[in-house]
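Visitor: predicted model follows, preceded by the sequence.
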Amino acid sequence: MRITVIGAGAIGGNLAFKLSAAGHDVQVANARGPETVRAEVLESGARAVALAESVQGRDVIVLSIPFGVAGQLADLLTSAPDETVVIDTSNYYPGMLSEPIEAVDNGQVESGYTAELLGRPVVKAWNAALAETQRTRSVPAGAPGRIAIPVAGDFDEARKVAMSLVDDTGFDPYDAGTLADSWRQQPNSPAYCTELTLAELPAALAAADRVKDAAVRDSVPERFAALPANPSLDDVVEMNRAAHR
């Protein structure tokens, strides 16, 4: 597939590398220009391109950008074909990674807000796994203990495309339903960054509680400060799991 990843940070860089390694035609763009894309992101064949040229004629556009800024790309995405699948990987951390957003604080699902800013549908995927999990714990399909990633979206075909790409990056895709249900994979729900298998993930999504999970999300700085110096990936995953025991 012809894929553009917008955003070349930890998650965007991981996805560009892995999707290119899986055989896809991958472009990477960011607001700072193609020369700023790290060399390791391009090692499996992805190409760095100018943002203005990045969306024409693409099958999929993956947005790996800070939550709440998607509106800055609305005009750009008008030049993408209507059938292009747009995938949102962002997460809302008010007061930590973004300013508070009233609509989301009042219950609008995160990717619903992003879709509204863009003026086109999105699929939510790859948001519920840590960047280091995505970088180091991908395994082939059928491998024991393969980590699952939830995928939510309102259109069956778009959701299927995103699920196929999740599989290509080394994780079991799980159909998490419509975008209205995607709050169940937002920070810091039981399904969020807890490295669950396909057998374990449905129960975690079902156990989500919007009020409790928002409180867990807002307590991340305090809980992270209680971890050992230079915490490992396992330390962070266990912290997230423990918050729901």
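Guide: Looks like it came in fine.

Visitor: helices of this protein, start to end?
Guide: Taking DSSP state H as the criterion, the chain carries its helices at 10-21, 74-77, 102-105, 110-118, 131-136, 156-168, 201-206, 210-218, 220-225, 233-242.

Visitor: and residue 171, what is it in contact with?
Guide: 129, 134, 138, 146, 147, 148, 149 (CB atoms under 8 Å, 6 or more residues apart in numbering). (Each C-beta comes from the backbone N, C-alpha and C, glycine too.)

Visitor: distance of it relative to residue 111?
Guide: For residue 171, the distance to residue 111 (CB to CB, to the nearest Å) stands at 18 Å.

Visitor: then residue 229?
Guide: 35 Å.

Visitor: do residue 22 as well
Guide: Residue 22 is 24 Å from residue 111, by CB to CB.

Visitor: so these two - more neighbours on which side?
Guide: Neighbour count, other CB atoms under 10 Å: between residue 22 and residue 111, residue 111 has more, with 33 against 17.

Visitor: per-residue pLDDT, the closest residue to that one other than its chain neighbours?
Guide: Distance criterion CB to CB, 6 or more residues apart in numbering; nearest residue to residue 111, sequence neighbours excluded, is residue 124 at 4.1 Å. With respect to pLDDT, residue 124 scores 98.

Visitor: what about residue 124, distance to residue 1?
Guide: As judged by CB to CB, residue 124 and residue 1 stand 19 Å apart.

Visitor: these two: which is more packed in?
Guide: Shown here are residue 124 and residue 1; by other CB under 10 Å, residue 124 has more neighbours (30 against 16).
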